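In: sequence and predicted structure are below.
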Amino acid sequence: MNLSPLQKARYEYVPKLPGMLRNGISEICVKDGEATQSVADQDKIKALFPNTYGKNEITFAKGANTSEAKKQVVGVILSGGQAPGGHNVISGLYDALKSTDKNNVLLGFKGGPSGLIDDDYVEFDDAFIDAYRNTGGFDIIGSGRTKLETKEQFAIVTEVAKKHGLTAIVIIGGDDSNTNAAVLAEYMAANNTGVQVIGCPKTIDGDLKNEDIEASFGFDTATKTYSELIGNIERDANSAKKYWHFIKVMGRSASHVALECALETQPNICLIGEEVAAKKMSLSQIASQIADSVEKRGNAGNNFGVAIIPEGIVEFVPEFSKLIAEINELLAGENTEKFNALPDWNAKYDFIEKGLTKESMAVFAILPQLIQQQLFLERDPHGNVQVSLIESEKLLSQLVADELAKRKAAGTYKGKFGAQHHFFGYEGRCAFPSNFDADYCYSLGYNAFMLIQYGYTGYLSKVSNLSAPAEQWVAGGMPITKMMNIERRNGEDKPVIRKALVELDGKPFKYFEANRDKWAVETAFTYPGAIQYYGPSEVCDLTTRTLALEKG
Ligand code: FBP
């Protein structure tokens, strides 16, 4: 394999563990904390998880290791979208497992949860792991989005576990995958399989966090990568002074990524989906808000700017969600074929006009034709519009251009408007993990093994106090049921981990809100530059602005 100089250097990087895990395996003991309760719907969750509910929070401490000596055979899977640091979770898990007993075995099931069902796996050894230390990506074993949730799947997993003599399974994933980890843990306990299940919090979207889990891994690196690119674009915009850049960033159900990038780069505009939903904003209100900034800046001779747009924005706009729901209805069943057989766009437009309510048609009519057609081209396997494929950055810039044309005609806007469009998503998901993510992920993996060794199941590996230096991080575990409540999913009440949306009364949003009017008019850009891996700690080990603000 050809190695880049950075890749070689990163192999040698030694991730920092929390102080309490640094003295070697024989010096790690458990401190029991309080018994836990789910965040809501306690009775229902307790009834669904009789074997794993209500367990104690635990932390590790320096002290004699009192865990039972037994051979461990652990299976690990990566689940869902890639996030920088996944390889380090596995290397931390491997190192703790082998330092405890070199006869312990770590199996990696390939391609995500389906690897466990298909019994498709590799056995890790030193050389295998060493080739992936501190690198980005999930290519060590691949990932996938198959959901592990049915009794039939659990029965197959039990058979696979029996075949390999698995003592534990580690699921590295987001809120849904860890919900499934909790359900699998309960199943394994209820059926006396002896298999423990431990989860690790992953997702660049940052929406798996709560009072216990301060951050999901990958958020730090992904937002630093996007912020570098946004800062570079800001500098280009400020140099050429001729374009407005509309930059969509990943984050489907929550706008944490957009908000963090805004805190890092101080753009003229950043939309926050949760605010759009709370204020029930329409598309034209959003366009008008952006146009205000373009107008003020343009009239002052600044015909350039930067607007950050979260990937999921259109789903937060009530009138747009209604339109999507109606389109899904309109094309249900045989209607898709009927629609596709229509000879041209005019005939299709007629069909749409007849099928939508007056209100939704009014929203549809203001969309650029490109977007109108995207709404009818891209369907998911269930026949629904794939909202994430809608080019909302182009949609909004077109609506802004239309609004500015009106203002020009009215004589209020005197500037020029030229737009460029970008989507930053996949660029950040497999970057070399920042030192923070390299350290955090390694610690999560190492800690996950300590939870296994001490016999815990249905726990999420928890490392907290993350805004302090790694030495002061606190390692431990939290029962996953503590983070659960009951939500309506696909017409059924389901126990799920509550997704963390941007809190409009939280410190990160409040800081943004207090500054955004100034940023909208002035050129207050900040340029974070590339992630630094070597150099002074205040540059290389910095965590996110979100975490710094949340932790005061
Ligand atoms: P996870 O929630 O699984 O971590 O994935 C999040 C994400 O990166 C979103 O930001 C994005 O919308 C989505 O994955 C893209 O998914 P895919 O890789 O399937 O295109």
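Out: Structure's in. What do you need?

In: residue contacts, Y459?
Out: K55, I58, I198, G199, L451, G477, M478, P479, I480 (Cβ atoms under 8 Å, 6 or more residues apart in numbering). Where you see a C-beta, it was placed from the backbone N, CA and C, and this is true even at glycine.

In: for the residue of the stretch 351-500 of the chain found nearest the ligand, helix, strand, or coil?
Out: Closest to the ligand within the stretch 351-500 of the chain is S388: 5.1 Å, counting by Cβ to the nearest ligand atom. Classification of S388 by DSSP: H, G, I helix; E, B strand; the rest coil places it in helix.

In: what residues does it make contact with?
Out: Contacts for S388 (Cβ under 8 Å, 6+ apart) come out as R252, E311, G312.

In: can you rerun that using 6 Å?
Out: R252, E311 (Cβ atoms under 6 Å, 6 or more residues apart in numbering).

In: ditto for the one 10 residues further on
Out: Applying Cβ under 6 Å, 6+ apart, one finds that Q398 lies in contact with P368.

In: need the pLDDT of it.
Out: pLDDT, Q398: 95.

In: quick one: the helices in the stretch 51-200 of the chain, in order.
Out: Taking DSSP state H, counting those that start in this stretch as the test, the helices found in the stretch 51-200 of the chain are 86-100, 113-118, 126-130, 151-164, 175-190.

In: same question for the stretch 401-550 of the chain.
Out: Taking DSSP H, counting those that start in this stretch as the test, the helices found in the stretch 401-550 of the chain are 426-429, 435-453, 507-521, 537-540, 545-550.

In: out of these, the one nearest S397 is which?
Out: Among those, helix 507-521 comes nearest to S397, with 16.1 Å by Cβ to Cβ.

In: what is the longest helix anywhere in the chain packed up against?
Out: For the chain, the helix that runs over the most residues, judged by DSSP state H, is helix 219-240. With contacts taken as 3 or more Cβ pairs under 6 Å, 6 or more residues apart in numbering; DSSP states H and E, helix 219-240 sits against strand 244-249, helix 256-265, helix 426-429, helix 435-453.

In: turn these into TSV, including mean neighbour count, distance to the ligand and mean pLDDT.
Out: Listed next are the helices and strands packed on helix 219-240 as TSV, based on neighbours: other Cβ atoms under 10 Å; distance: least, Cβ to the nearest ligand atom, whole Å; pLDDT from 0 to 100:
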stretch	mean neighbour count	distance to the ligand	mean pLDDT
strand 244-249	26	9	98
helix 256-265	28	7	98
helix 426-429	19	6	96
helix 435-453	28	14	98
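
In: so which of the ones you listed gets nearest L116?
Out: In terms of Cβ to Cβ, the element of those nearest to L116 is helix 435-453, at 16.4 Å.

In: show me what the closest one is in contact with.
Out: Residues contacting helix 435-453 (Cβ under 6 Å, 6+ apart): 15-18, 28, 60, 67, 84-85, 88-89, 92-93, 96-97, 134, 168, 170, 196, 198, 200, 217, 220-221, 459, 461, 463, 470, 475, 477, 540-541, 543.

In: what of stretch 54-71?
Out: Here stretch 54-71 makes contact (Cβ under 6 Å, 6+ apart) with 20, 23, 26-36, 103, 450, 453-454, 474-479.

In: show me what from the chain comes close to the ligand.
Out: Within reach of the ligand by Cβ under 6 Å from any ligand atom, the chain has these residues: 80-81, 83, 174, 203-205, 250-252, 311, 388, 429.

In: swap the cut-off to 8 Å and go again
Out: Applying Cβ under 8 Å from any ligand atom, one finds that the chain approaches the ligand through 79-83, 145, 173-177, 202-205, 207, 216, 218, 250-252, 257, 311-312, 388, 425-426, 429.

In: buried subset of the residues you listed as a PyMOL selection?
Out: Filtering these down to the buried ones (16 or more other Cβ atoms under 10 Å) takes a single PyMOL command:
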select buried, resi 79+80+81+82+83+173+174+175+176+177+202+203+204+205+207+216+218+250+251+252+257+311+312+388+425+429
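
In: and this structure, what are its domains?
Out: Following automatic domain parsing, one gets these domains for the chain: 19-33+67-218+433-476, 219-429+506-550.

In: would you mind finding the most buried of those domains?
Out: Of all the domains of the chain, domain 19-33+67-218+433-476 carries the top mean neighbour count, a mean of 22, counting by mean count of other Cβ atoms under 10 Å.

In: what's the end-to-end length of it?
Out: Length of domain 19-33+67-218+433-476, first residue to last, Cα to Cα, to the nearest Å: 12 Å.

In: all further residue positions should be reported with the first residue as 56.
Out: All right, first residue 56 from here; so that's domain 74-88+122-273+488-531.

In: for that domain, what is the distance to the chain centroid?
Out: Distance of domain 74-88+122-273+488-531 from the chain centroid (Cα atoms, centre = their mean, to the nearest Å) equals 17 Å.

In: same question, stretch 344-355
Out: Put simply, stretch 344-355 sits 32 Å off its chain's centre (Cα atoms, centre = their mean).

In: same thing with stretch 97-115?
Out: That offset, for stretch 97-115, works out to 25 Å (Cα atoms, centre = their mean).

In: just the buried positions in it, please.
Out: The neighbour-count check on stretch 97-115 (16+ other Cβ under 10 Å) flags I100, L103, F104, T107, Y108, G109, K110, E112, I113, T114, F115 as buried.

In: got TSV for the helices of the stretch 106-255 of the chain, with distance to Y582 and mean pLDDT too?
Out: Formatted as TSV, these follow (distance: least, Cβ to Cβ, whole Å; pLDDT from 0 to 100):
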stretch	distance to Y582	mean pLDDT
helix 141-155	28	98
helix 168-173	40	96
helix 181-185	36	97
helix 206-219	48	96
helix 230-245	33	96
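
In: what residue ranges in the stretch 406-555 of the chain score low on pLDDT?
Out: 433, 435-438, 545 (pLDDT under 70).

In: that one: strands as residue ranges?
Out: 474-479, 514-519, 529-534, 539-544, 547-552 (DSSP state E, counting those that start in this stretch).

In: flag every buried residue along the fourth one.
Out: The neighbour-count criterion (16+ other Cβ under 10 Å) identifies M539, N540, E542 as the buried residues of strand 539-544.

In: tell me who's in contact with the second one.
Out: Pointing back at N540 there. Listed by Cβ under 6 Å, 6+ apart, the contact set of N540 reads V94, A95, D96, R553.
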